[in-house]
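> Sequence and computational prediction follow.
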Amino acid sequence: MLLDKKRLKEALAILSRDAKVLVPMEVDGVAKFTPWDGQKLPSLDMINTTLPPKDALFPQTEKMYNFTTGPNAQIAEVQGTEKQVLFGVRSCDARSIDCMDKAFLTGTFGDSFYSKKRENLTIIAVGCVKTGPFCFCDSMGLDPSSAPNADVQLADLGDAYAVTAQTERGTAVLDQWKSLLTEGEGDAPKPKCVLQVSVPEDFPKKLMGMFEHPIWDEVSKPCLGCGTCTYVCPTCYCFDINAEKHGHEGTEFRCWDSCMFSDYARMAGGHNPRPSKKERVRNRYLHKLAYFHEQHGQLLCVGCGRCVQKCPSNMDITRFIDMAGEAMNNG
Amino acid sequence: MSQVNEMQAQLRKVAAELLENDTVGYIIGWGATRFPDRTTPVFIHEAKDADKLMWNEYCVNGLAKYVLDDKIKAKKIGICIRGCDSRAINRLIIDNQIKRENVYLIGLPCEGKADKIKCGKCAHKNPVIHDVLIGDLVAETPVTDRFKAVEDQEKLTSDEKHAYWKGVYDKCIRCFACRNVCPVCSCKECFADQYRVGWQGKQNNSTENWNYGLTRSYHVGDRCVECGECERVCPMDLPLMLQNRKMLKDINELFGDYECGLSEEDRAPILGDYDLSDRDEFM
């Protein structure tokens, strides 16, 4: 089916009837997924937003419980049940949600805060017609023009989008759009990333064996220990739980945390098992490229390139992958 | 060969000699990335690697902070410094963070780098301190608009200023890149990391972000060497130097004209010292 680009606003208006529709837009100079204002066309020609869409499922600060103290102490869970649509998501960001699903929903413990939001989320992906200088998703096993875990896939044909439902929820979206869609199909561009790295199948396993390798000393030196890479990363999902209390009332909340921070691994009593940037950078790269793969069978890096673009020291995970690969080949 | 390329060749030659004759243990400089318009800090330990040092318009990153990573210095640290880095080094010496004899300063006169915002108001293109100079000194150009943006800001009403800065801190993601890159931010434990003490809430909202940003700015105060690194690294492009320059302008008006880090024997920070002649009309 085809959706004429001239009817994009109508399509968004239909989705907005019963859901908050988040679209890529620049707000005050920052490109991010933001509630559609009903007027402006989303910026679908930008390669990637500066901030990833993870905030929709995993807000930077999320209230968990309100509580009161004293003899009649009470705890009330704060749960958002609002329906949300992420519109115009790229393949990398769609895959990042698949990664977060695995982290938050599989295994012995399901995260109820995440799962309620996830149940109410529809993902509408759009294939890339071009890639940017920092994109390397196809090296990480993705396809810039297709996002298999999205509910709806849009393919840019120039004047129209080819629309494909990939899930039941996606079929429901196409039903809602019935009056806007016309029969037809077409071939969208299939771009390749310029930035290419080699991640052989045994890379995660071999990297796991390099815990004491001198490479970490070398690669971590330029790191400043800030949280930029973590906070622009679509798959970094670590959080910290804190409380804010005024008198007898308070709120328990969680907020993004970063393994690059000095206090991230600090324990009660003050001991820090990751005392320097070497251990912290090692942890980040191993989590992305080895630990997560061991647990869930896929990499935790989706090749969006945001950390490469934004690192204050111009550290580059693709360069690390190549350096590590070379070290592996040299035994 | 252009002057920049000549300087790069000279830098590599000097670096190789310094490593060869054991003057320094290693050299901090700029090296290549995958991208032609970016460099990254490099740490050169052997003379044969001196050719990895770069000198071009993309050598933007400040390097001074990296000397703090090396707690036990077996040998001197060689470090490439431009005007801004040299002021940062002086500041670190005055603050007792490093000893002068523990660093070997490779001065590189700098005509300004590709980052026009960082380098736009540079009053010290030549390193103000060095052990060896690469290339020739360049002409300094007086900066006439150091406080222009602050003056414009001061014309706003309180409500307008509040709205402006609330907008700024709404965008802050609290990655702490500004703090971590700052050569003046050398506290072993930052107030902003003392969550249990309660100076700073960990939640991200404009109030907490504002608390962090303003407190940091006050703490840096007159020790700011105006290298512009905080603003350069900010992933949200927040106008952090505007805030720092407001601080500097007020300090200059209250305590006399001052530029930090111009010499090793600089005066103590104004906010960390007092003089009986200080203005005290608020008392």
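In hand now; what should we look at?

> For chain B, just list every one of the helices.
Assigned helices in chain B, in chain order: B:3-20, B:83-94, B:116-119, B:148-154, B:158-171, B:177-181, B:206-220, B:229-233, B:240-255 (criterion: DSSP state H).

> what's the neighbour count on B:Ala139?
By other C-beta atoms under 10 Å in any protein chain shown, the residues close to B:Ala139 number 8. No exception for glycine: its C-beta is placed from N, CA and C like everyone else's.

> related to what we said a few turns ago, mean neighbour count, mean pLDDT and distance to chain A added to the helices of chain B, as CSV?
Formatted as CSV, the helices of chain B follow (neighbours: other C-beta atoms under 10 Å in any protein chain shown; pLDDT from 0 to 100; distance: least, C-beta to the nearest C-beta, whole Å):
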stretch, mean neighbour count, mean pLDDT, distance to chain A
helix B:3-20, 17, 94, 17
helix B:83-94, 26, 95, 14
helix B:116-119, 16, 91, 12
helix B:148-154, 14, 96, 16
helix B:158-171, 14, 96, 6
helix B:177-181, 25, 97, 4
helix B:206-220, 18, 93, 9
helix B:229-233, 25, 97, 3
helix B:240-255, 18, 92, 13
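
> So which residues on chain A come close to chain B?
Residues of chain A found near chain B (C-beta under 8 Å from any C-beta of the partner chain) are A:28-30, A:50-51, A:60-61, A:133, A:195, A:221-222, A:224-228, A:230-232, A:240, A:242, A:244, A:253, A:255-256, A:258, A:261-263, A:277, A:310, A:312-316, A:318-319.

> Show me how to select, in ChimeraX, the buried members of the residues you listed.
Those of those that count as buried under 16 or more other C-beta atoms under 10 Å in any protein chain shown are selected in ChimeraX with:
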select /A:30,50,51,60,61,195,221,222,224,225,226,227,228,230,231,232,242,253,255,256,258,261,262,263,277,310,312,313,314,315,316,318,319
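
> circling back to that earlier point, can you add distance to B:Ile270 and give the helices of chain B back as JSON lines?
Listed next are the helices of chain B as JSON lines, based on distance: least, C-beta to C-beta, whole Å:
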{"stretch": "helix B:3-20", "distance to B:Ile270": "36"}
{"stretch": "helix B:83-94", "distance to B:Ile270": "13"}
{"stretch": "helix B:116-119", "distance to B:Ile270": "25"}
{"stretch": "helix B:148-154", "distance to B:Ile270": "18"}
{"stretch": "helix B:158-171", "distance to B:Ile270": "23"}
{"stretch": "helix B:177-181", "distance to B:Ile270": "21"}
{"stretch": "helix B:206-220", "distance to B:Ile270": "12"}
{"stretch": "helix B:229-233", "distance to B:Ile270": "20"}
{"stretch": "helix B:240-255", "distance to B:Ile270": "5"}
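
> got the contact list for the residue found closest to B:Arg223 once you drop the neighbours it is linked to in the chain?
Excluding the flanking residues, the one nearest B:Arg223 by C-beta to C-beta, 6 or more residues apart in numbering or on different chains is B:Val184, at 4.5 Å. By C-beta atoms under 8 Å, 6 or more residues apart in numbering or on different chains, the residues touching B:Val184 are B:Ala88, B:Arg91, B:Asp95, B:Val220, B:Arg223, B:Cys224, B:Val225.

> repeat for A:Arg274
With C-beta under 8 Å, 6+ apart, A:Arg274 has these contacts: A:Cys259, A:Tyr264, A:Ala265, A:Arg280, A:Asn283.

> Pull whichever strand or helix holds A:Ile321 out as CSV, backbone CA atoms only.
Element membership for A:Ile321 (DSSP states H and E) is helix A:317-329. C-alpha atoms of helix A:317-329 as CSV (Å, rounded to 0.1, in the frame of the first residue of the first chain):
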residue,chain,number,x,y,z
ILE,A,317,33.7,2.4,19.0
THR,A,318,34.3,1.4,15.4
ARG,A,319,37.9,2.1,15.8
PHE,A,320,38.0,0.0,18.9
ILE,A,321,36.3,-2.9,17.1
ASP,A,322,38.9,-2.9,14.4
MET,A,323,41.7,-2.6,17.0
ALA,A,324,40.3,-5.5,19.0
GLY,A,325,39.8,-7.5,15.8
GLU,A,326,43.4,-6.9,14.9
ALA,A,327,44.6,-7.9,18.4
MET,A,328,42.5,-11.1,18.1
ASN,A,329,44.1,-12.0,14.7
